[in-house]
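1. Here is a sequence together with a model predicted from it:
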Amino acid sequence: MKLLEAKQQFISSWGAFGTHWGINRTMAQIHALLLVNADPLTQDDIMEELHISRGNTNMNIRELIKWGLVDRVILPGERKEYFSAEKDIWKVVRQIVKERKKRELEPMLQLLDKLEAVEGDKRDKNVKTFVDTVSSIKKLGKQADKTLDAMIRAEESWFISNLVKLFK
């Protein structure tokens, strides 16, 4: 397979995978394009390569920057803005986990805290069932939160060696 074909297949596949990670296909494709490019690209480069509109490109680049996956790059003597993605995949994964945790897990845990404090007689079987269920979900969520925090802080080699031990 030639580089151009492999690059196109990677960008297309990364776009499809991205939808499973909580980001839209175009955002993931832009990220993939920047990941596999040795040099930073301009917005025009991205638009041309992926055949997408200026507005779509601009909106998705801004979101990738918010996620901490893409940086603006200033090249000496250039007036255009360039963009580059972090190439260290471990850093990329940690950043995605951090963002997903902030956007999904933390709000869920806050909601569960409120729901756990439901009013009613704790001896009533309906109240007890509700509180027990919410508490169990919250306990699991807090454990997931601790695990994700450890992953975010961990070095790649430590995390992978402990993950391997877990599955033995």
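-> Yes, it's here. Note that the structure is predicted; figures quoted are calculated from it, not measured.
2. I'd like the distance between the spatially most central residue of the chain and His20.
-> Taking CA atoms, centre = their mean, the centroid of the chain lies closest to Ile96, which sits 2.6 Å from it. To His20, Ile96 is 11 Å away according to CB to CB, to the nearest Å. Any C-beta I mention is one placed from the backbone N, CA and C, and that applies to glycine too.
3. same question, Arg153
-> In terms of CB to CB, Arg153 sits 25 Å off from His20.
4. Go ahead and confirm Met47 touches Asn58.
-> No - between Met47 and Asn58 there is no contact under CB atoms under 8 Å: 9.2 Å.
5. So the two - more neighbours on which side?
-> Met47 (18 against 13; other CB atoms under 10 Å).
6. residues in contact with the spatially closest residue to that one that is not a sequence neighbour?
-> Sequence neighbours aside, Thr57 is the residue nearest to Met47 in space, at 5.0 Å (criterion: CB to CB, 6 or more residues apart in numbering). Residues in contact with Thr57 (CB atoms under 8 Å, 6 or more residues apart in numbering) are 30, 43, 46-47, 50.
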